[in-house]
Every structure is written in C-alpha cells, then in structure tokens.
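*Asks:* No letters, just coordinates:
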C-alpha cells in the first residue's frame, strides 16, 4: 500500500457511529479528522478551519447533504474543497444530482475501507495538483502585476506643463503589459521631445522591447544634446543601429514617431519611422499628415531617416496615434480605419482640446469590446498662444 497524502478532513454525518468509524479509519491512514453531527455544524466548521476534503452524508435531518453541498458551492471561500458524498444504495438519483452540483465522488454504505482509502487518496491528489496550479497562477499574476507596475514607470507619471501649450496622452493596453509607449521630456532651452511608439509584438516580450527602445531613445537624445550638441533626432538612428546590432535575432521592431517642438515659436521637426502618419489639425480647419520619413526602428541596419519640418501656429494641434485604433474591427470585420479616426478626432476637437477619452471609447464601442485587440495610444499637443 502506497503512502497516503495526509489531509485535514471534515466528516459531516448525523450518525455518531458512522462519524466515529470514519474518524478512526482516516486517523489510521495518517489524516487528521474533525466530525460534525449536522449540516449546519459542518458548515460552521468549514468556515472556521481549512479543510482538504469533506466527507458528507447525504441523508440528514433539518439540512441534508444536498443542501450542505449547495451552500458549500455558493461560498467562494469553500467551493474549491472537494466533497465525497456518502449514500445508501437506493439514493443513486440524489448522488447523481450531487455529482452534477459539484461533488467530487461518492461512496455507498456500508463503506468498503479499501474503496474509502482509494477515493480519498485520489481526491487529495487532485486537490494537491489544483492547489499547485492555483499557487502557480497566483505567482504568475503577482509577477505580471509587478512587471505592469515596472512598465508603468517607463511612461510619464505626469505630463509636463508648458506655458501656452496643452499636452494630453492616453494608452489602453490590450493585455497586462503593453508594447505601445509614449513619452514627453525636456531637451534644452525651450525644446521638448515627443515620442509615440508601437512594438510589432504583444505581451511580455513586446513590453520588454518597449522598455529597451524608450530607454535608448531617451538616453541617446540626452547624450546628443548634453555631450555632442547634435540634433537629438539622431537618437532614432542610434537606437536603430543598437537594436539591429545587438537584438537582430529577436526579429522585433518598432514604429516610432519622434518629434521636437520649440515651444517658443512652434517649430516642429520630426522623424516618422514607419509609424501611422500623425495629423496636424490647423486652426482654419485643414488637416495635414506627417508621412513616414524612414523605416521601422530595428528592421534594417544603416537605415536612412530624413527629418521633416513644419510649424504649429497658434490654434494648431498635433495628434499622433498607434495602429491599434485604426485596426480595430467591427463584428463584420470592417476596420475602424483612418477616415473614421479622423472624423472621430474632428468630432472631439473642442475649444482647442482633443478629448482622448472620448476618442478611445469610440474605438472600443466600434469593436464592441471593453479592451482592444491591440494597444491603443493617443498623444495630442495643442498650441494655445505665443510666449509673452
């Protein structure tokens, strides 16, 4: 006979003889047992202590085994405890009902000791495996939550306040961790860098790559300004070469829109590395797009990136986004698309401010989902006036 897995077992039976017999048999097997003489007492014990298994008599006065089982399965703290029903031979219909209601197994009276041990060992083994699985899932959820919080630290805790400029951003992740990112930070004098990026994959791998890409862009841009007095947009080229050289085997790349705005005069210079074209919403009502000026970052080495320039006049806005918005699908498979996005942006452009929450909700409503299939990131910059 193999060694049993010791368990803490609750016996619920109105017969004192049956309780004592089962308690003695289980104790001999190496288990610890507690007995209850009624269904109500058994439920009280189950709520007070932690049990690995419940052996439950079917026929009891006041509250029978079916009622006890139903109460156990309604309770989120108790429903996971396996239950073995004990019944007479002529109660098989009730046993079937109990199995359908969630009982793990059953025994018939008089109880065969060998069968009792076998079924209890089997139940405890299955519970042990389920407990291990739950512990693993809880550990994974904990690790993912830590990773999510760590990743959140790579996004701006707050957006900067710049006189006569308004900045807004919104990121909705498709999973616990996102492959999208945005960033806004000061360079020098009155120049600010704005980033929107989208890693080609999803999940943890994309999140790690996102953290790497965002960190490189920040570091290389700061280095260009502080040490070499070069154009900070070179950070895009330097990031591309670093990733191609050191991480080409990952086959992962990012589309990136990187812009520098001089807050004193509205000059905007940018590199669009394979990213969906952002919009310039002019105060007069016209719309311009900032088309790609180079390939995605991490795709090919020695890539050429050209710099585009434009001017944000008073009343103009920059709106950048990732493809999670335009690639959202309705139930019939139709894409949200750039045309619908632009119309949604126009409908939510009031008093010089873009209402990103409403734009995001419009995309989710279109797809009929609470969370998107792909990360959605929006960034808006509005020039409200000139520096005095």
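*Replies:* Sure thing, it's come through. Because the structure is predicted, anything quoted here is derived from the model rather than measured.
*Asks:* how about low-confidence regions in the stretch 201-350 of the chain?
*Replies:* Residue ranges of the stretch 201-350 of the chain with pLDDT under 70: 203, 228-229, 249, 350.
*Asks:* the strands in it, which residues?
*Replies:* 254-262, 267-273, 279-281, 287-289, 308-311, 317-321, 349-350 (DSSP state E, counting those that start in this stretch).
*Asks:* can you put those strands in a markdown table and add distance to residue 161 and mean neighbour count?
*Replies:* Using the backbone N, CA and C atoms, a C-beta is placed for each residue, glycine as well. Formatted as a markdown table, the strands of the stretch 201-350 of the chain follow (distance: least, CB to CB, whole Å; neighbours: other CB atoms under 10 Å):
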| stretch | distance to residue 161 | mean neighbour count |
| --- | --- | --- |
| strand 254-262 | 14 | 25 |
| strand 267-273 | 19 | 22 |
| strand 279-281 | 21 | 22 |
| strand 287-289 | 27 | 13 |
| strand 308-311 | 22 | 13 |
| strand 317-321 | 17 | 25 |
| strand 349-350 | 21 | 13 |
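*Asks:* ok, longest helix in the chain?
*Replies:* The longest helix of the chain (DSSP state H) is helix 113-152.
*Asks:* Check which helices and strands that helix is in contact with.
*Replies:* Secondary-structure packing of helix 113-152 (3 or more CB pairs under 8 Å, 6 or more residues apart in numbering; DSSP states H and E): helix 16-28, strand 53-57, strand 83-87, strand 105-108, helix 203-223.
*Asks:* Out of these, flag the one nearest residue 260.
*Replies:* helix 203-223 (8.7 Å; CB to CB).
*Asks:* Just the angle for the closest one relative to helix 113-152, thanks.
*Replies:* 20 degrees (axes from the mean of the first three to the mean of the last three CA atoms, to 10 degrees).
*Asks:* can you pull the contacts of the nearest residue to residue 320 once chain neighbours are set aside?
*Replies:* Using CB to CB, 6 or more residues apart in numbering and skipping the chain neighbours, the partner closest in space to residue 320 is residue 278 (3.8 Å). Neighbouring residues of residue 278 by CB atoms under 8 Å, 6 or more residues apart in numbering: 196, 257, 259, 272, 289-290, 318-321.
*Asks:* And residue 307, by the same measure?
*Replies:* Contacts of residue 307 (CB under 8 Å, 6+ apart): 231, 233, 269-271, 293.
*Asks:* again, 10 Å this time
*Replies:* 231, 233-234, 236, 258, 260, 269-272, 293-294 (CB atoms under 10 Å, 6 or more residues apart in numbering).
*Asks:* Going by distance to residue 380, which of the residues you listed wins?
*Replies:* Taking the contacts of residue 307 together and measuring to residue 380 by CB to CB, the closest member is residue 270, at 15.1 Å.
*Asks:* measure residue 5 to residue 122 for me?
*Replies:* 10 Å (CB to CB, to the nearest Å).
*Asks:* Residue 379 too?
*Replies:* Relative to residue 122, and taking CB to CB, residue 379 is found at 57 Å.
*Asks:* So which of those two has more stuff around it?
*Replies:* residue 379 (26 against 15; other CB atoms under 10 Å).
*Asks:* Next, the angle from the helix or strand containing the more buried one to strand 317-321.
*Replies:* Per DSSP states H and E, residue 379 falls inside strand 376-383. Angle, strand 376-383 to strand 317-321, by the same axes, to 10 degrees: 170 degrees.
*Asks:* for strand 376-383, the distance to its chain's centre please.
*Replies:* Centroid separation between strand 376-383 and its chain, computed with CA atoms, centre = their mean, to the nearest Å, is 23 Å.
*Asks:* next one: stretch 36-49
*Replies:* Relative to the centre of its chain, stretch 36-49 is centred 39 Å away, using CA atoms, centre = their mean.
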